[in-house]
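Participant: kindly generate the corresponding structure for this input.
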Amino acid sequence: MRNNPLSAQRLRIASYAMSLACAALMSAGVHAAGAASASTGDDAADQSVVSVQTVRVQRGIIAQPVRAYGIVAASASNLTTVNLPYLARIVQMRVQAGQSVTRGTPLFVVQADPAAVLAANQAKSAVTLAQGELTRTQSLYDKGLATQSQLATARKAVEDAQQALAAQNQTGVANGNKVIAAPIDGVVLQVSAAQGDQVQPGVAILQLAGGNGRDARANVALGVEPSDVPAIHAGDTVTLHGLSTSLAKAAADGRVVLVGASVDQQSQLVNVGANVPLGQSAFIPGTRVSADIATRSGTHWVVPRAAVLKDDKGAYVFQITPQNKAHRVAVVTQVENGDRYGVDGPIDGTQGLVVSGNYELKDGMAVRASGGAPR
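Facilitator: Predicted coordinates for the structure are as follows:
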């Protein structure tokens, strides 16, 4: 039996067609598998979980500190100069510079100049004489022996004599030795006269610096940058700190009582006066100090600085929902205080606030809080 050439050719064509079909089917399977694998990878990426750290957030009072530098007991309003309105001699000096005194403490003993004592005695005598003359003139007037003008002149003489005596009494001139006492609580800052000195009227004998904060005067002079002045107001809390190593841990609290309205030409700063009860603290007059002035104090959400992020939409934080999803919350920063911010916004106090890992988050992402519940 002879082979048919046409049949053999048809068999070869059929075999070749089957080979092409098998190759096409295998290629389609590979592509389908690749597509399925890519789809699975995308789903896994969408379902990735980000590890974060959270803290518990709460509302509280927070202020923005302004740093200032200055000196204790350097405010002019806190200095009291002790002098005498008459010529006198210092009999005894009972205090020295640097000594703390209370109101009523004897400062020194003086003896008025004889001429000043004589003038005081003459004023008393003048009143007695004028009153006697008025009595005599009134008697004569009642008898018709003196005129209305004479009676008026006698009355005027009494008034003038009484005013002169009042002025003498105000000076405090007295016979013999007189003790001059401290008018305020404070520290003797400077003594300008010595025992035996003859002091002229109005000349400073010593200077007191009020340093106990019992009155409303400034006993600490501070300087702040002009740009910080608008935020500072009388009544703001002031915390003093020592600049020296020995006073590094010392602190004292007080209040702002005076805010300057111009720039000091020497320091190029604006002067701020504070009243700080120093008592027995280490901040004696002349101590150089720094101070933190609490400005813009208010109640806000107090959050760590690391929790607040910013983009073109503004500041925001992330909180963790009960479903362990990241929730973006828009906030407004009101106060900056070191590593903390005071912010306002629709924050939920029951949800954890993200402080680490928040840069990787998007709204709605699944998260895993480190350590479980918010800290």
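Participant: okay, strands next: where are they in the stretch 101-250 of the chain?
Facilitator: 106-112, 177-181, 186-191, 198-199, 206-209, 220-224, 237-242 (DSSP state E, counting those that start in this stretch).
Participant: hmm, G242 is touching A250, no?
Facilitator: Yes: using CB atoms under 8 Å, G242 is in contact with A250, at 4.6 Å. No exception for glycine: its C-beta is placed from N, CA and C like everyone else's.
Participant: the two: which is more packed in?
Facilitator: G242 (19 against 15; other CB atoms under 10 Å).
Participant: low-confidence ranges, the chain, go.
Facilitator: 1-47, 74-77, 211-216, 279-280, 371-375 (pLDDT under 70).
Participant: secondary structure element for the residue most central in space within the chain?
Facilitator: Centroid-nearest residue in the chain: I293, 1.7 Å away (criterion: CA atoms, centre = their mean). Assigned by DSSP states H and E, I293 belongs to strand 288-304.
Participant: list the buried residues in that strand.
Facilitator: V289, A291, D292, I293, A294, T295, R296, S297, H300, W301, V302, V303 (16 or more other CB atoms under 10 Å).
Participant: so what's V52 up against?
Facilitator: Counting by CB atoms under 8 Å, 6 or more residues apart in numbering, V52 makes contact with F318, I320, A326, V354, S356, G357, N358, L361, V367, R368, A369, S370.
Participant: nearest residue to it other than its sequence neighbours?
Facilitator: What sits nearest to V52 in space, not counting adjacent residues and going by CB to CB, 6 or more residues apart in numbering, is G357, at 3.6 Å.
Participant: count the neighbours of the one you found for me.
Facilitator: 18.
Participant: list the contacts for it?
Facilitator: Taking CB under 8 Å, 6+ apart as the test, what G357 contacts is V50, S51, V52, Q53, V367.
Participant: mind checking what secondary structure the last one has?
Facilitator: Going back to what we said before, that points to V367. strand (DSSP: H, G, I helix; E, B strand; the rest coil).
Participant: run through the bridge partners of it.
Facilitator: V50 (DSSP bridges).
Participant: quick one, what contacts it?
Facilitator: V49, V50, S51, V52, I320, N324, K325, A326, V354, G357, L361.
Participant: quick one on the thing from earlier: now the strands of the stretch 101-250 of the chain as CSV including distance to A63?
Facilitator: What follows is the strands of the stretch 101-250 of the chain, written out as CSV (distance: least, CB to CB, whole Å):
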stretch, distance to A63
strand 106-112, 41
strand 177-181, 42
strand 186-191, 30
strand 198-199, 49
strand 206-209, 29
strand 220-224, 15
strand 237-242, 7
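Participant: L118 is nearest to which of those strands?
Facilitator: Among those, strand 106-112 comes nearest to L118, with 9.7 Å by CB to CB.
Participant: elements contacting the closest one?
Facilitator: Contacts defined by 3 or more CB pairs under 8 Å, 6 or more residues apart in numbering; DSSP states H and E place strand 106-112 against strand 88-93, strand 177-181.
Participant: ok, and for stretch 303-318, which residues are buried?
Facilitator: V303, A306, A307, V308, L309, A315, Y316, V317, F318.
Participant: which members of the contacts of V52 occur in strands, if any?
Facilitator: Judged by DSSP state E, those include F318, I320, A326, V354, S356, V367, R368, A369 as members of strands.
Participant: for beta bridges, what are the partners of the fourth one?
Facilitator: Here V354 shows beta-bridge partners T54, assigned using DSSP bridges.
Participant: just the buried ones out of the contacts of V367, please.
Facilitator: Buried, going by 16+ other CB under 10 Å: V50, V52, I320, A326, V354, G357, L361, out of these.
Participant: the domain parsing of this protein - what is it?
Facilitator: 49-60+299-369, 66-75+211-298, 76-209 (automatic domain parsing).
Participant: many thanks, we can stop here.
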